[in-house]
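# can't give you the sequence, but here's the structure:
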Ligand SMILES: [Zn+2]
């Protein structure tokens with residue numbers, strides 16, 4: 001260490017104090033510069049936001065689904081019809097799955113989130129979306145053995161870098177502790193995009209498109225499965241997946257999605 005220069009102790013103390021002040025100011029400025037360089041942006045409107053996820057304005061525009069809703073399909077009711085009352089849809093065409101739950105209605109902000117996750121590689125959105133799903137699906141997850149994401153066909157997986165349902169399922173696995181079986185369900189033939197198809201066309205488009213691989217059957221047989229997807233529109237895709245899982249002897253299949261179309265006649269995708 002260098003010897004103390006021959007200057008008065010009080011001057012040296014002053015100098016040291018000033019240096020420390022400078023150092024503190026510098027580190028504060030550097031931290032500030034980093035904050036300015038990497039602001040957190042609202043995932044929906046790209047305005048700077050405190051914390052992660054969406055800004056207060058966009059959060060308020062998301063329609064989180066809360067009771068009362070159909071215990072079978074999770075479709076929100078306008079009025080509470082009393083316990084265990086099913087929706088007309090659930091009575092008219094009961095699905096292969098047991099129950100479905102969604103975090104939000106599929107509207108403008110939800111659509112922005114889903115499209116950014118799906119087509120713009122915004123994997124940073126998955127944690128917030130997955131957490132909202134885990135909360136909406138708590139009842140399903142409490143009694144679940146395994147999570148299965150709706151698979152992409154490999155050709156689409158190739159064009160798109162990853163499976164958005166798989167990304168959401170990984171967050172839900174972390175939140176709930178329910179194990180993920182991402183390879184259990186396979187898409188065995190390519191399907192058309194469901195966009196623009198009528199309800200019967202959607203059903204026939206995905207019929208027989210999914211299968212549990214024989215060497216993965218032990219992951220499914222006797223297990224209570226929660227199937228994970230980003231959006232539920234007509235329910236044709238998750239219904240076809242549920243049938244495949246039930247053929248592989250799943251004890252039950254529930255469905256948990258980020259967003260569901262509540263009125264498919266009025267809300268085209
Ligand atoms: Zn926003």
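Yep, that arrived. Note that this is a predicted model, so its numbers are computed, not measured. Residues are numbered from 1 along each chain as shown.

# Can you give the contact residues for whichever strand or helix holds residue 140?
If you go by DSSP states H and E, residue 140 is part of helix 138-142. For helix 138-142, contacts defined as Cβ atoms under 8 Å, 6 or more residues apart in numbering pick out 99, 101, 134, 172, 176, 178, 226, 254, 256. Any C-beta I mention is one placed from the backbone N, CA and C, and that applies to glycine too.

# Just list the residues touching the residue in the stretch 101-250 of the chain that the ion sits nearest to, thanks.
With Cβ to the ion, the shortest gap between the stretch 101-250 of the chain and the ion falls at residue 109, namely 7.9 Å. Contacts of residue 109 were listed using Cβ under 8 Å, 6+ apart, and they are 44, 54, 58, 61-62.

# mind listing the strands for this structure?
100-105, 146-149, 179-180, 185-187, 210-212, 224-232, 252-260 (DSSP state E).

# how about the ones you listed, which one is nearest residue 85?
strand 100-105 (16.1 Å; Cβ to Cβ).

# Kindly provide the whole-number mean pLDDT of that closest one.
When pLDDT is averaged along strand 100-105, the result is 97.

# cool, stretch 206-226 as well?
On average, stretch 206-226 scores 93.

# Look at that stretch and report the distance between its end residues.
19 Å (Cα to Cα, to the nearest Å).

# List of residues touching that stretch?
Taking Cβ under 8 Å, 6+ apart as the rule, stretch 206-226 contacts 137, 140-141, 143-148, 151, 172, 178, 181, 183-189, 191, 194, 236-237, 239-241, 243-245, 247-256.

# chain center to that stretch: distance?
How far stretch 206-226 lies from its chain's middle: 21 Å, per Cα atoms, centre = their mean, to the nearest Å.

# Just the closest residue of the stretch 151-269 of the chain to the ion, please.
Proximity of the stretch 151-269 of the chain to the ion (Cβ to the ion) peaks at residue 259, 16.6 Å away.

# give me the low-pLDDT residue ranges for this structure?
Residue ranges of the chain with pLDDT under 70: 1-39, 51-52, 153-162, 264-269.

# what's the closest non-adjacent residue to residue 152?
Excluding the flanking residues, the one nearest residue 152 by Cβ to Cβ, 6 or more residues apart in numbering is residue 163, at 4.8 Å.

# hang on, the earlier thing: what's the neighbour count on the residue of the stretch 151-269 of the chain closest to the ion?
27 (other Cβ atoms under 10 Å).

# likewise residue 68?
14.

# Show me what from this structure comes close to the ion.
42, 44-45, 55, 58 (Cβ under 5 Å from the ion).

# now for those residues, which pair is the farthest apart?
44 and 55 (7.5 Å).
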